[in-house]
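> prediction below, plus the sequence it came from.
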Amino acid sequence: MDPSHQCLIDEIKRQIRILESDAGENRRVEQKKEYMKYMNTGITNARQQNTDQRYRNALLDLLSNLTSDSSKSTAKGQQHLRRSTLSLLWQIPLFCGDATVVDQNYAKARSKALQGHRAAKDTYTTDIWERRELTQWLSDPEASVLVVQGTSQSVERLEKFSVELVEFLRERCPTIFLLSPLPAIFYETSISRGDDVLRQIAGQCIQMIPSSAKNNTLYFLDNVAPSLLAKMTSHFQTASHEDWFLTIETALSHQEQACIVLDISILRQNSRDAFSWPAEFSDLIHKLRGRRTDLRVMILTGRSIDGHLGATTRVMSVDMAPRFPLHVHDVSGSGKASFLLPQSTKPRFLPSLPASMNNPQTKTPSAWNSTPLDLINGNRDEERQNLAEGTHRSGIGSFQGADSEVTEGSPISWFKNLTSKTHSAIYSSRSTKAIPFKPVKIAILDTGFAYTEEHDKKSLKPYMHRIKKFASFVQDETDLEAMKDPSGHGTAVAVQLLKVSLTAVLYICRVATSSKDGNRELFPDKEAVERAIRKAVAEPEKGGWGVDIINMSFGWAFDDHDGVRNAIRFARRQGVHMFASTSNDGLLGPPNDILYPSRAPEVIAIDAADGFGEYTRTTASSVSSYGRGRRFSAPGTRLTSPHSAALYDGSSFACAIAAGIGALVLEFARQSPLQASKTVQNSLKEMSAMIAILERMSAEKGPDRFKFLLPWTLLGKPGQPREFTAYSLVDELRNEFGLAVGSEVFPLEGES
């Protein structure tokens, strides 16, 4: 007997023995507990599968077929599968050993995050569907790999697009996919390394074999299926990296067309395992072309892929937010809600895939008769109803935005408290005869501020009188570049700060540059950061701006630039407060969990929380040795900006809110009665003073004891006179710097 057939027989016997060993009552109780653990998760393991009596009967039937009169049946090639048991082609290999099978269809339908993506604004991905690279990937005669590359800020858009794409493709050809995010239990049991993902992909591929039109023949059942099953079982037992690609190739050779869609962010900290995939899938496409199978592969990633991409690989970059003018339309037929649609036209019609390669003279083109708009803008009431019945739910980006589905706590209540309490205390209660005060100056080091397009000018007009300077510090760029912001990141950061502090003025510093490999992802230029800090800090008489605060919503892994380090130290000596975002990768980020410059001792580190103070899963380690005593959190989920329909999430935007709170402290101290106290003004230039005040207006929630900023607990207590608030602030400073602080306004006992 062929060794692979003997291997198959041994595996069938092993699985049957599991059934027999599980027959006892105690074991059935354990199985029930295990079943309850995985119920409604879309995960099946070997023991669960073997509780299916039909599966057991099919195994026994096949074993009898393979072993009875073995020499005779082997000689005649009659070791066959019945049509009713053809599913064994994938069931036996997939349950080799203690393996688990992920039902990605179930995961997609049940995932809360993906449900949210389906119901999200239709315009959120329109620009992606219109991209030339996507049209080419779908319609070019030559199949290829398309790497769709975003940043940590565009993860949500990629996830929504991936769901739309899979549903679009599945109506037209067999589609294999693994999308992000998966329910947490998937990571615990099934997905941890790259080979785990390839195993699941291989499993999906062989599950499609029985449905192939090529295989609906007695010849396939009698002659091909047994050998194919034996080969697949052997691959799954060996379980090497090469075996998975061999299995995928063998299984897909039974298809005329197929698509694979993979979001490698499901690998979390092991995303580097996937860096070889573009080249490997490119080779696979070439091999399958020789077997007359048209395979197209899309790999989605929230970070750049380092390594060889392969001869047939294209790259498409996706920005954080769509860039087009928006206006409001009523939802057709609802009468109760509205949503945003672009003024631009609908996505172009995507041409069909080429004709089948199996017989180019006789085969007709594939019937890709509808466009992505059938999915995006069509009637989805039935789909939404199905989703409503469900119950279930990445690489480091240098500019710290994040996946908006990580937390769902809206910041609306937080901003209502800020407006009704803090803003009232600082602005509304001031006398109309109050002495004018010097506004707080803040430098925003980021990607720029959008103010060249007409729709940007209109939507951002209320803020423009508070922007004092646009400057680019990137080599060979003019200052006009700082008035452009294709990514939208810097604009959204600035808007959050302007919403918190109503009088602060901004100095927009463009410090972002594209990577040298030509992709569109932006990174902070360290030389530009150094120049921007020194310009912002220098006094006006020395050609600088004399700012009070610097906001840095970006970071990199190591403290490896002397110029930036020295500039930060210089800024601190000048009494300038610096705020920087920590990370959006939780425990899965770079070697140092809190990025630089937020972990510099002269900088206040800011994490993102939801509107109720709950930390997002992307928050860096709570036990990090960096940032102790100077680490705070602010709202960093589901934030808005008038220039875009997008929701902004991440420590970038939390950092801007925290910097705005710091500005509120300085503003209040520059108003009556504290504006007359030089000791208060001088004390507030010290970092320890700002930290003490921020601690006074923060609350700790949960065992991690992170400090969530609530400015109204100091600035804006209901019914508290301005003088009492001023005294509370002075009292906090006296604890830090002595009783002389504020004595010009609040004399000590015995002083006149």
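Noted; the coordinates are in hand.
> C-alpha from now on. contacts and neighbour counts both.
Noted.
> and Ile435, helix, strand or coil?
coil (DSSP: H, G, I helix; E, B strand; the rest coil).
> neighbours around it, how many?
Ile435 has 12 neighbours, counted by other CA atoms under 10 Å.
> tell me the pLDDT at it?
At Ile435, the predicted lDDT confidence score is 71.
> what's the spacing between it and Glu602?
Ile435 sits 33 Å away from Glu602, taking CA to CA, to the nearest Å as the criterion.
> now tell me which helix or strand of this protein has the poorest mean pLDDT.
One helix or strand of the chain scores below all others by mean pLDDT, DSSP states H and E: strand 338-342, with a mean of 24.
> shaky segments in the stretch 301-450 of the chain?
Counting by pLDDT under 70, the ranges of the stretch 301-450 of the chain that qualify are 306-308, 320-409, 429-434.
> rerun that using 80 as the cut-off
By pLDDT under 80, the weakly predicted segments of the stretch 301-450 of the chain are 302-312, 319-410, 428-435.
> look up phi and psi at Gln149.
The phi/psi pair for Gln149 (degrees, to the nearest 10) reads phi -110, psi 120.
> show me what it is bridged to.
Thr301, Ser317 (DSSP bridges).
> wait, it touches Met298, no?
No - using CA atoms under 8 Å, Gln149 is not in contact with Met298, being 10.4 Å away.
> now do the shared contacts for the two.
Where contact means CA atoms under 8 Å, 6 or more residues apart in numbering, no residue is in contact with each of Gln149 and Met298.
> so what's Gly716 up against?
If you count contacts by CA under 8 Å, 6+ apart, then Gly716 has Lys421, Thr422, His423, Ser424, Ala425, Ile426, Thr725 around it.
> can I get the residues you listed in TSV with distance to Glu249?
Compiled in TSV, those are given as follows (distance: CA to CA, whole Å):
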residue	distance to Glu249
Lys421	64
Thr422	63
His423	64
Ser424	67
Ala425	68
Ile426	68
Thr725	71
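> I'd like to know how many residues surround Arg314.
Neighbour count for Arg314, taken as other CA under 10 Å: 18.
> and Pro635, by the same measure?
Pro635, neighbours per other CA under 10 Å, totals 33.
> cool, the one 5 residues further on as well?
Other residues within reach of Thr640 by the criterion other CA under 10 Å amount to 18.
> can you tell me the SS state at it?
On the basis of three-state DSSP, Thr640 is classed as strand.
> give me the distance between the spatially closest residue to it that is not a sequence neighbour and Val537.
The shortest distance from Thr640 to any non-neighbouring residue, by CA to CA, 6 or more residues apart in numbering, is to Leu647 (5.3 Å). From Leu647 across to Val537, the span is 32 Å (CA to CA).
> which of these two has more neighbours?
For Leu647 versus Val537, neighbours defined as other CA under 10 Å are more numerous around Val537 (26 against 16).
> got phi/psi on the residue nearest to the more buried one when sequence neighbours are not counted?
Nearest residue to Val537, sequence neighbours excluded (CA to CA, 6+ apart): Gly546, at 5.0 Å. Here is the backbone geometry of Gly546 (degrees, to the nearest 10): phi 60, psi 50.
> care to break this protein down by domain?
101-388, 412-432+439-671 (automatic domain parsing).
> rank the ones you listed by pLDDT, which is bottom?
Lowest mean pLDDT of the domains of the chain: domain 101-388, a mean of 67.
> how about stretch 552-560: buried residues?
Met552, Ser553, Phe554, Gly555, Trp556, Ala557 (16 or more other CA atoms under 10 Å).
> shouldn't the fifth one be in contact with Ser598?
Which is Trp556. No - the pair Trp556 / Ser598 is not scored as a contact, 9.4 Å apart, by CA under 8 Å.
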